[in-house]
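Colleague: Starting from these lines, generate the structure:
(one chain, ligands or ions: 1)
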Amino acid sequence: MGINIAIDGPAGAGKSTIAKMVSAQMGYIYVDTGALYRTVALYITENNISDDEIEKALENANVSLKFIDGAQRVFLGDRDVSDLIRTPEISMAASRTSAIPAVRAYLFETQQKIARENNVIMDGRDIGTVVLPNADVKIFLTASAEERANRRFRELSEKPDCPPYEEILEDIKKRDWQDMHRETAPLKQADDAVLVDTTKLNLQQSADEITRIIRERI
Ligand code: DC
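Modeller: Have a look, this model is predicted:
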């Protein structure tokens, strides 16, 4: 059994960037579980699969993770789709399809197996509550919706078809609502998770705070 650190929180709180920094520093594997849900969403979208066909169709989906030079890549069959899954359409589709119990059941064992075999920092929505309820450290990372939209806007503003700030904020609020109100494994803070609010922290300060919390506990 590896050492398991769970980081949950809403979209855009900085989970992946911060978890990457901390895991590199600690020599742990960083697992971005959102990428798994996005890959399932891509599979469902590309193959036009309706909700009641999903459970059966997933038997042939073949979603897997590989770690290449320490970086996570996600595969659909033998196709590396790590970049394809980063569009606003797939973000929205993943938020919707991740509410389907058959999708969550399909990805559950993949996530647990990686955590059993490695020291991991795993980020997602239900890692501390459902996937790794016995994680050694649990962190709930959040920031105000406005600050998260600001960060996303700054990130996207260098790209040609950057949506307006208001649209990004709306998307974030809509995904928050969907992620928190679904019936299966909704986004919520585990009772024993430490809350870290990064609204007023920069990346380095956030990473330092998380490293401090982890070191205090293991
Ligand atoms: O972290 P992300 O934005 O890449 O996640 C994409 C979607 O997947 C998000 O809307 C919620 C879902 N998700 C989930 O339900 N459970 C997880 N452990 C990770 C992501």
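Colleague: Please make it C-alpha for all contacts and neighbour counts, starting now.
Modeller: Will do.
Colleague: ok, now which ones touch P101?
Modeller: Going by C-alpha atoms under 8 Å, 6 or more residues apart in numbering, P101 touches T184.
Colleague: quick one: it from the ligand, how far?
Modeller: 10 Å (C-alpha to the nearest ligand atom, to the nearest Å).
Colleague: And for D161?
Modeller: The value you get for D161 to the ligand, if C-alpha to the nearest ligand atom is used, is 20 Å.
Colleague: any idea where the helices of this structure begin and end?
Modeller: 15-26, 33-46, 54-57, 88-97, 101-117, 145-156, 165-181, 203-217 (DSSP state H).
Colleague: Switch these over to a markdown table; also include mean pLDDT.
Modeller: Formatted as a markdown table, the helices of the chain follow (pLDDT from 0 to 100):
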| stretch | mean pLDDT |
| --- | --- |
| helix 15-26 | 94 |
| helix 33-46 | 97 |
| helix 54-57 | 97 |
| helix 88-97 | 93 |
| helix 101-117 | 95 |
| helix 145-156 | 94 |
| helix 165-181 | 94 |
| helix 203-217 | 96 |
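Colleague: so which of those helices is the most packed in?
Modeller: helix 33-46 (a mean of 22; mean count of other C-alpha atoms under 10 Å).
Colleague: Point out the residues in this structure that sit beside the ligand.
Modeller: 11, 33-35, 37-38, 91, 94-95, 98, 124-127, 175, 179 (C-alpha under 6 Å from any ligand atom).
Colleague: cutoff 8 Å now
Modeller: The chain comes close to the ligand at residues 8, 10-12, 15-16, 32-38, 86, 91-96, 98-99, 104, 123-127, 175-176, 178-179, 185-187, as judged by C-alpha under 8 Å from any ligand atom.
Colleague: which ones are touching the closest residue to V120 other than its chain neighbours?
Modeller: With sequence-adjacent residues excluded and distances taken as C-alpha to C-alpha, 6 or more residues apart in numbering, V120 is closest to I29, at 4.7 Å. With contact taken as C-alpha under 8 Å, 6+ apart, I29 is in contact with S23, G70, N118, N119, V120, I121.
Colleague: What's the separation between the nearest residue to the second one once chain neighbours are set aside and T45?
Modeller: Right, G70. Of all residues not flanking G70 in the chain, I29 sits nearest, at 7.1 Å (C-alpha to C-alpha, 6+ apart). Counting by C-alpha to C-alpha, to the nearest Å, the gap from I29 to T45 is 29 Å.
Colleague: likewise L201?
Modeller: Distance from L201 to T45, by C-alpha to C-alpha: 37 Å.
Colleague: do the same with E109
Modeller: Taken as C-alpha to C-alpha, the span from E109 to T45 is 23 Å.
Colleague: do A24 as well
Modeller: Distance from A24 to T45, by C-alpha to C-alpha: 33 Å.
Colleague: most distant residue from the middle of the chain?
Modeller: What lies farthest from the middle of the chain is P160; by C-alpha atoms, centre = their mean that is 25.5 Å.
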